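*Asks:* Coordinates only, no sequence provided:
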C-alpha cells in the first residue's frame, strides 16, 4: 500500500493546472525563458529556461525544476553522464507551493527562502530566517501593466538585510524581484546561491522574455527555425582555413551563395531545391588557384532533437562522449550555439576532471549555420557575409570573380511563364552562345540546349506538368536563373 501511495504522489503535470494560484511564481505546465545578466551587465542577453521536471502532491505541492539547467560541471553530471544528487536548477532543487500562496525556495545549503505571493501592498515578512542573517521582504508596488504583450498585474518585492552580525556585504540587499499575476516570475534571481554573500557567491538577475502554453514572446530556437527559408531567399557564407603551420603555408577561402527556389513542408522534414554557386580560392605565398562550381541541390532538413533541447539543458554527445548545453543569445537576431563540450575523465584519485574543447558552433534563426571561429593549425572560421530574406537584406553580396551569383539579368527575358509546349528566350547585349538548362525539383538535369541567337525557342512538349528550375549560364557562370512552371 505504501508503494502505491508513493507512486500516486508523483502525478502527471497535465493534472496540475486546476491548482494554480494568482501570482504563483512557477507553473508546472509551461516552460519559461529568461534573459540573464553576465557580470552585472545585460549586454550579452544570454537566455536560460525554467521548467518543472516532476511534481509531488502531499499536504502541499512540491515542484522539482529540471536539475541540470545552468549546471554543467563535475558536480552535476557524473562519469556516466547521469544527474548527480548535488545537481540543481538555478532556482534550487525544489519549490514548495502552499495553499495560502506561500512559495518556498531552497538554496544550496537547504536554507529556505519564503516568498509570500498573496502579500498586500507594503506588507513585510522575514524571507530568510537564518541563525546569523535575517533578510526582510516587502511588497513595494502592485501595478496594472502588460506582460509579453498581455494585460496583467505585477507585484514587486524588495529585499533588505536586517541582521548581519559580521558586517558582511550581501548582493541581495535592496534588490527587487517581480511576479506576474498570470505568468509567474517577471524578474527573479538565482535562489540556489541566496543570500549572495559578497566574495563567495554572486547575484544573477533574470528577466522573463517568453513562455509556452500559451506561446508568448521569444520561444526556444529549434532546428526547423534555423533552416526556415522561403523561395527567393539568398544565403551567402565564407569559410576560411589558414594552414600557417604547413609547408608551404596556404590559405583556402570557400565562398558559397545559395538561392532557394522551392520549399516543401512534410510532417518530419523540410525539403528545399536551391541553386548553389561556390568558389574555392587556394592562396600560396607566390601563387593562387581558383576553382568554381555551380550545382542545383536538394536539401532535406530532418529533426535534430539534441539541438531542440531547451537553453542550458544538458545534452549527452554520444560521438564525443562529452556533455554540452545549447546556449541561446537574444541580440538583433536569435542565436543558438552548442557550448564547448565537457568531458568527464576519472583521474588517478577517482575525481572527475573536466576537459573543455573551445569550439562553439553558432546557428541563427532563419539563417542556417554553423558559423564558428577556431584558432589552431589550421585556423578555421565560417561566417555569414550576406543574406536576403523577403524584403530584408544585410551585408555585402559576394563577388564571384566579377560575376554576380544567381543574378536576374534584365537583358535576358524568358516567356511565357507558366509555359505550355515551349518557351521563348530573348537576349540583349549578351555574348552567345549561352547554355540553357532545365532541372527537376529533385535536382536532375533534364535538358541542356545552347542559345545561339538573340531570340530562341525551347521545346518543352515532352515534359510533364510540374514546377522546374531553369538556369542560363556563360563560361560556367550563371547569368540568369529561376523557377518555371509547365502547365
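*Replies:* Cool, got the structure. This is a predicted model, so every value here is computed, not measured.

*Asks:* Would you mind naming the residues that bridge with the residue positioned nearest the centre of the chain?
*Replies:* Centroid-nearest residue in the chain: residue 336, 3.0 Å away (criterion: C-alpha atoms, centre = their mean). Applying DSSP bridges to residue 336 yields these beta-bridge partners: residue 328, residue 363.

*Asks:* Offset the numbering so it begins at 28, please.
*Replies:* Happy to do that; since the first residue is 28 now, the last one works out to residue 363.

*Asks:* Tell me the confidence at it?
*Replies:* In this model, residue 363 is scored at 85, pLDDT.

*Asks:* Ok, residue 99 next?
*Replies:* pLDDT, residue 99: 44.

*Asks:* give me the element residue 499 is part of.
*Replies:* Assigned by DSSP states H and E, residue 499 belongs to strand 493-501.

*Asks:* distance between that strand and the chain's centre?
*Replies:* Distance of strand 493-501 from the chain centroid (C-alpha atoms, centre = their mean, to the nearest Å) equals 35 Å.

*Asks:* repeat for stretch 406-420
*Replies:* Per C-alpha atoms, centre = their mean, the centroid offset for stretch 406-420 relative to its chain is 17 Å.

*Asks:* So for it, what gets flagged as buried?
*Replies:* Buried residues in stretch 406-420, counting neighbours by 16 or more other C-beta atoms under 10 Å, are found at 409, 411, 412, 413, 414, 415, 416. All C-beta atoms are positioned from the backbone trio N, CA, C, and that covers glycine.

*Asks:* Going by distance to residue 507, which of those wins?
*Replies:* Checking the buried residues of stretch 406-420 against residue 507 by C-beta to C-beta gives residue 415 as the nearest, at 16.8 Å.

*Asks:* any idea how far that closest one lies from residue 300?
*Replies:* Using C-beta to C-beta, to the nearest Å, residue 415 is found at 17 Å from residue 300.

*Asks:* Could you verify my assumption that residue 324 touches residue 470?
*Replies:* Yes - with contact defined as C-beta atoms under 8 Å, residue 324 counts as touching residue 470 (5.9 Å).

*Asks:* These two: which has the busier surroundings?
*Replies:* Remark: of residue 324 and residue 470, residue 470 carries more neighbours, 15 against 12, as counted by other C-beta atoms under 10 Å.

*Asks:* rewinding a little: which neighbours do residue 324 and residue 470 share?
*Replies:* Shared contacts of residue 324 and residue 470 (C-beta atoms under 8 Å, 6 or more residues apart in numbering): residue 300.

*Asks:* so where do the strands sit in the stretch 78-227 of the chain?
*Replies:* Taking DSSP state E, counting those that start in this stretch, the strands of the stretch 78-227 of the chain run over residues 79-84, 88-92, 122-124, 129-133, 139-143, 151-156, 161-174, 177-190, 203-207, 211-216.

*Asks:* so which of these gets nearest residue 342?
*Replies:* For residue 342, the closest of the strands of the stretch 78-227 of the chain is strand 79-84, at 15.6 Å, according to C-beta to C-beta.

*Asks:* how about the closest one: buried residues?
*Replies:* 79, 82.

*Asks:* From the chain's centroid, how far away is that strand?
*Replies:* Distance, stretch centre to chain centre, for strand 79-84: 27 Å (C-alpha atoms, centre = their mean).

*Asks:* Give the other helices and strands that that strand contacts.
*Replies:* When contacts are defined as 3 or more C-beta pairs under 8 Å, 6 or more residues apart in numbering; DSSP states H and E, strand 79-84 sits against strand 88-92.

*Asks:* domains of this structure?
*Replies:* Using automatic domain parsing, the domain ranges for the chain come out as 29-242, 247-430, 434-513.

*Asks:* which residues of the stretch 228-377 of the chain score low on pLDDT?
*Replies:* The model of the stretch 228-377 of the chain has pLDDT under 70 over residues 228, 312-319, 344-350, 366-377.

*Asks:* those strands in it, which residues are they?
*Replies:* For the stretch 228-377 of the chain, the strands defined by DSSP E, counting those that start in this stretch cover 232-238, 243-244, 261-270, 277-293, 296-311, 315-328, 341-344, 349-357, 361-365, 369-373.

*Asks:* Dump those into JSON lines; add distance to residue 476 as well.
*Replies:* Listed next are those as JSON lines, based on distance: least, C-beta to C-beta, whole Å:
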{"stretch": "strand 232-238", "distance to residue 476": "53"}
{"stretch": "strand 243-244", "distance to residue 476": "53"}
{"stretch": "strand 261-270", "distance to residue 476": "27"}
{"stretch": "strand 277-293", "distance to residue 476": "20"}
{"stretch": "strand 296-311", "distance to residue 476": "18"}
{"stretch": "strand 315-328", "distance to residue 476": "16"}
{"stretch": "strand 341-344", "distance to residue 476": "50"}
{"stretch": "strand 349-357", "distance to residue 476": "49"}
{"stretch": "strand 361-365", "distance to residue 476": "45"}
{"stretch": "strand 369-373", "distance to residue 476": "57"}
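
*Asks:* To residue 489, which of the ones you listed lies closest?
*Replies:* Among those, strand 315-328 comes nearest to residue 489, with 19.6 Å by C-beta to C-beta.

*Asks:* My read is that residue 232 contacts residue 218, right?
*Replies:* No - between residue 232 and residue 218 no contact is recorded; they are 11.7 Å apart, counting by C-beta under 8 Å.
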